[in-house]
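Undergrad: What follows is a predicted protein model with its sequence.
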Amino acid sequence: MRRLVSQRMLVLMSVPFVIWLFVFKYVPVWGWTIAFQDYQPSLPFKEQAWVGFKHFHALFSEDRFLIALRNTLAMSGINLVLGFVTAVSLALLLNEVRKVAFKRVVQTVSYLPHFISWVVAAGIIQTTLAPEGIVNELLKAFGAIEAGQEYLFLGKAEWFWGIFGASSVWKDVGWNTIVYLAAISAIDPAQYEAAEMDGAGRLRRMWYITLPGIKPVIIVLLIMNIGYLLESGFEPQYLLGNGMNVDYSENIDIFVLKYGLQQFNFPLATAAGMFKTVVSFILLFSANHIAKRLGQDRLF
């Protein structure tokens with residue numbers, strides 16, 4: 001209590017965020033009861049029919065949900081691996097750039113796509129990958145395909161995961177490097193000077209100084225991202241998906257929209273959302289526990 005009184009201004013500043021957290025994160029948990037009811041919007045809560053785990057059984061026996069679960073895990077895994085590898089690699093390369101002007105230009109260019117909405121980004125991607133788009137034109141220019149043999153990239157279902165991964169990297173790689181560049185800036189420059197005096201080249205300095213220096217940040221961010229493995233996104237899949245690639249583009253969020261909300265099957269939608277939350281909770285704590293057992297940095 002003494003500490004709270006002495007830091008009362010900080011406490012007052014945090015009150016709006018605590019209220020926001022309670023209203024938008026904790027109060028809605030009451031809605032999980034819908035997953036255990038044959039919910040009818042016109043009836044009051046006490047008159048709803050309770051059905052136990054009926055909707056969970058229906059959810060896991062639905063083939064479309066299992067396909068959506070596979071797609072969600074695949075796209076999240078691709079995004080996780082590519083996101084970490086590209087962001088860390090770009091941060092390491094930018095740290096080695098000595099010309100400040102060039103470094104700033106590269107940073108600005110790589111940051112810009114993050115501030116473009118997915119609606120605009122999806123339009124750019126669709127135009128680029130269209131039969132008359134620049135990708136097909138380049139393939140024809142290099143003789144890889146003939147005129148009239150243009151690829152319909154978004155029409156080939158098995159290509160969607162790769163397109164999604166490349167699009168996510170293009171859009172977010174610059175933004176994801178910010179935290180790594182900040183961590184690199186905290187490394188003592190004397191370590192680089194000593195390594196250079198000992199004859200270590202740039203690659204060795206990156207491997208033995210920079211990477212170990214940002215290792216705690218990488219591990220903490222990895223733990224946090226593992227907790228979001230069932231959150232592969234909604235907008236890119238919804239905007240880039242179509243009838244031809246639906247078997248690879250439909251994830252859990254789109255499944256909830258199509259077969260839950262649009263068909264007024266609110267209990268099924270709630271059950272799917274509840275499943276995502278519980279699994280994410282388990283993944284987060286499991287990853288944190290593994291990091292603790294291995295003696296690595298962790299969230300808590």
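TA: Thanks, I have the structure now.
Undergrad: Wait, Ala35 touches Thr277, no?
TA: No: using Cβ atoms under 8 Å, Ala35 makes no contact with Thr277, being 11.0 Å away. Heads up, the C-betas are built off the backbone N, CA and C, glycines and all.
Undergrad: These two - which one has more neighbours?
TA: For Ala35 versus Thr277, the count of surrounding residues by other Cβ atoms under 10 Å is larger for Ala35: 23 against 13.
Undergrad: Okay, helices next: where are they in the stretch 151-300 of the chain?
TA: 160-185, 189-197, 202-205, 211-226, 235-240, 246-249, 252-255, 266-293 (DSSP state H, counting those that start in this stretch).
Undergrad: need the longest helix for the chain.
TA: helix 63-96 (DSSP state H).
Undergrad: What helices and strands are in contact with the helix or strand that that one is followed by?
TA: As assigned by DSSP states H and E, the chain's next helix or strand after helix 63-96 is helix 100-111. Other helices and strands packing on helix 100-111, by 3 or more Cβ pairs under 8 Å, 6 or more residues apart in numbering; DSSP states H and E, are helix 63-96, helix 160-185.
Undergrad: Dump those helices to CSV, plus distance to Tyr238 and mean pLDDT.
TA: Converted to CSV, the helices and strands packed on helix 100-111 look like this (distance: least, Cβ to Cβ, whole Å; pLDDT from 0 to 100):
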stretch, distance to Tyr238, mean pLDDT
helix 63-96, 13, 93
helix 160-185, 12, 94
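Undergrad: quick one: which of those helices is nearest Asn288?
TA: Closest to Asn288 of the helices and strands packed on helix 100-111 is helix 63-96 (Cβ to Cβ; 16.1 Å).
Undergrad: who does the closest one touch, helix- and strand-wise?
TA: Counting contacts by 3+ Cβ pairs under 8 Å, 6+ apart, helix 63-96 is packed against helix 100-111, helix 160-185, helix 211-226, helix 246-249, helix 252-255.
Undergrad: hmm, try it at 6 Å
TA: helix 160-185, helix 252-255 (3 or more Cβ pairs under 6 Å, 6 or more residues apart in numbering; DSSP states H and E).
Undergrad: Give the other helices and strands that the longest one contacts.
TA: Identification of packing neighbours for helix 160-185 by 3+ Cβ pairs under 6 Å, 6+ apart yields helix 63-96, helix 100-111, helix 211-226.
Undergrad: Try it again at 8 Å.
TA: Helix 160-185 packs on helix 63-96, helix 100-111, helix 118-129, helix 211-226, helix 235-240, helix 246-249, going by 3+ Cβ pairs under 8 Å, 6+ apart.
Undergrad: And the shortest one, by the same measure?
TA: Taking 3+ Cβ pairs under 8 Å, 6+ apart as contact, the helices and strands that helix 252-255 lies on are helix 63-96, helix 235-240, helix 266-293.
Undergrad: now these in TSV, with distance to Ile19?
TA: Formatted as TSV, the helices and strands packed on helix 252-255 follow (distance: least, Cβ to Cβ, whole Å):
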stretch	distance to Ile19
helix 63-96	31
helix 235-240	28
helix 266-293	21
